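1. Pasting the sequence and the predicted coordinates here, then a few questions.
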Amino acid sequence: MAAGFGSLLRECPLLLPQNQEKSVYEGFVTAQGIDFHIRILLPVDLQLKNARIQCSWQLKKVLSGYQQILKQEAALKNAREFQSPALPPLQHYSGLIRDIETLGWNKVVFVDPSFTTIKLKAEDSCGRHHQITLKLNPKFPTEPPDCLVDLPVQFSVSVDAQSSLLSIHRQFLAALESLKAFWNALDEIDEKTWVLEPEKPTRSATMRRIAIGNNVSINVEVDPRHPNMPPECFFLGPDHVVNPLKIKLNSNIHMWDPEVSLLQNLKEVLEMDFPSREALDKSDFSMDCGICYAYRLDGAIPDQVCDDSRCGQPFHQACLYEWLRGLPSSRQSYNVIFGECPYCNKQITLKMSLKKA
């Protein structure tokens, strides 16, 4: 009998041969504290790796998370005498398996065949789902892993040496809970307004560009440590619309109430309601560039507008720059280029980055 199968029988004494050739075994195995009925059919060479296993769907479900790891461990056992000195010892992998079992397989999303990457999942108290990716080295847990998380840059999961997967997961949960108010504030904005940028915000994103009206929007940069305090605000749009909003913001900022949500405070100090995407879709609202007629260009959306109150046409900065540069009547002074709006022929200016200028 193959050595690998002999080891299995020592671990599972309730597996008994069913024929003289000892090619069929039937009995019970214990997994996660539960006994399951199982039948193993060995091939002619009696190699466990080529065996067929017949068992209940409940056991298959339990084994599904272990399958790749069991294959890896079996391969390491069979090849231990030929093992490269660069590979971690077998105890490293056995320790990882015990660590995962202590944490719980239901919290594991992915384990790569080399056991260098493990992805864990967590759910915060508001029902939001998150993942943390651990990059392990051969000396884990003596040396801590690198942790990749979708959190704002001000937050991280600090891992010390000898940290177990369970302690890392608990620290991850603690970080998620500390960001609960921040994500609540941005989730309300995402749900109740038209967010122009980012198009698909990640959990680490702290900025939202919110549509206000035709060719008018506001950039809001939220401090994740103090999400209900006044954020950094920057208006985009024609001056005749933007300037009154700036005045209201400065005049009413004293009304800001930290006990009220971020969105509600913005409504109060700006004395306005933010239109939803559905409402703006039914109006004449447009953010398409008046030169290339597209909304997105190389990932950028229109952020320049004609200041004439009767026009207000938006443009991509790159499109407007090329248009103004091609006009015979245009002129440039340092990093500002002057010319005529392609729609109303009124004076329009564009401030360029120093690199572009």
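-> Yep, that arrived.

2. what ranges do the strands span in the stretch 1-150 of the chain?
-> 15-17, 24-31, 34-41, 52-55, 108-111, 117-123, 129-135, 146-149 (DSSP state E, counting those that start in this stretch).

3. Any regions of the stretch 151-300 of the chain where pLDDT drops low?
-> Applying pLDDT under 70 to the stretch 151-300 of the chain flags the ranges 279-286.

4. the strands in it, which residues?
-> Going by DSSP E, counting those that start in this stretch, the stretch 151-300 of the chain shows strands at 195-197, 207-213, 216-221, 232-236.

5. separation between H130 and V109?
-> 11 Å (Cβ to Cβ, to the nearest Å). The way it works is simple: take the backbone N, C-alpha and C, and place the C-beta from them, glycine included.

6. In terms of neighbours, single out the busier of the two.
-> Neighbours per residue (other Cβ atoms under 10 Å) separate H130 from V109, with H130 holding more: 19 against 11.

7. For that one, which non-adjacent residue is closest in space?
-> Of all residues not flanking H130 in the chain, A122 sits nearest, at 5.2 Å (Cβ to Cβ, 6 or more residues apart in numbering).

8. The one you found is in contact with H169, isn't it?
-> Yes - shown here, A122 and H169 form a contact pair, counting by Cβ atoms under 8 Å, at 6.6 Å.

9. So between these two, which is more surrounded?
-> Set side by side, A122 and H169 show more neighbours around H169, with 20 against 17, by other Cβ under 10 Å.

10. Can you give me the distance of that one to H37?
-> Distance, H169 to H37, using Cβ to Cβ: 33 Å.

11. Give me the distance between V220 and T30.
-> 56 Å.

12. quick one: which of these two has more around it?
-> V220 (23 against 11).

13. Distance check, the more buried one against D146.
-> 32 Å.

14. again, but for T116
-> 10 Å.

15. residues bridging contact with these two, i.e. touching both?
-> K135 (Cβ atoms under 8 Å, 6 or more residues apart in numbering).

16. Mind checking which of those two has more residues around it?
-> Ranked by neighbour count (other Cβ under 10 Å), T116 and D146 place T116 first, with 15 against 11.

17. Quick check, that one in contact with L134.
-> No - at 9.2 Å, T116 does not count as touching L134 under the criterion of Cβ under 8 Å.

18. got the residue ranges for the helices in the stretch 201-350 of the chain?
-> Secondary structure of the stretch 201-350 of the chain (DSSP state H, counting those that start in this stretch): helices located at 239-252, 262-270, 277-281, 317-325.

19. Mean neighbour count for the ones you listed - can I get that in TSV?
-> TSV is the format used below for the helices of the stretch 201-350 of the chain (neighbours: other Cβ atoms under 10 Å):
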stretch	mean neighbour count
helix 239-252	14
helix 262-270	19
helix 277-281	13
helix 317-325	19
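
20. Out of those, the one nearest E191 is which?
-> Across those, E191 has its closest neighbour in helix 262-270 (9.3 Å, Cβ to Cβ).

21. circling back to that earlier point, so which of the strands of the stretch 151-300 of the chain gets nearest V157?
-> That would be strand 207-213 among those, by Cβ to Cβ, at 22.7 Å.

22. Outside of that closest one itself, list whatever touches it.
-> 186, 189-190, 193-198, 201, 217-222, 236-237, 241, 245, 272, 274-275, 277, 280, 285, 287.

23. Now do it against helix 262-270: the angle between them, please.
-> 50 degrees (axes from the mean of the first three to the mean of the last three Cα atoms, to 10 degrees).

24. quick one: strands adjacent to strand 207-213?
-> Under the criterion DSSP bridges, strand 207-213 sits next to strand 195-197 (antiparallel), strand 216-221 (antiparallel) in its sheet.
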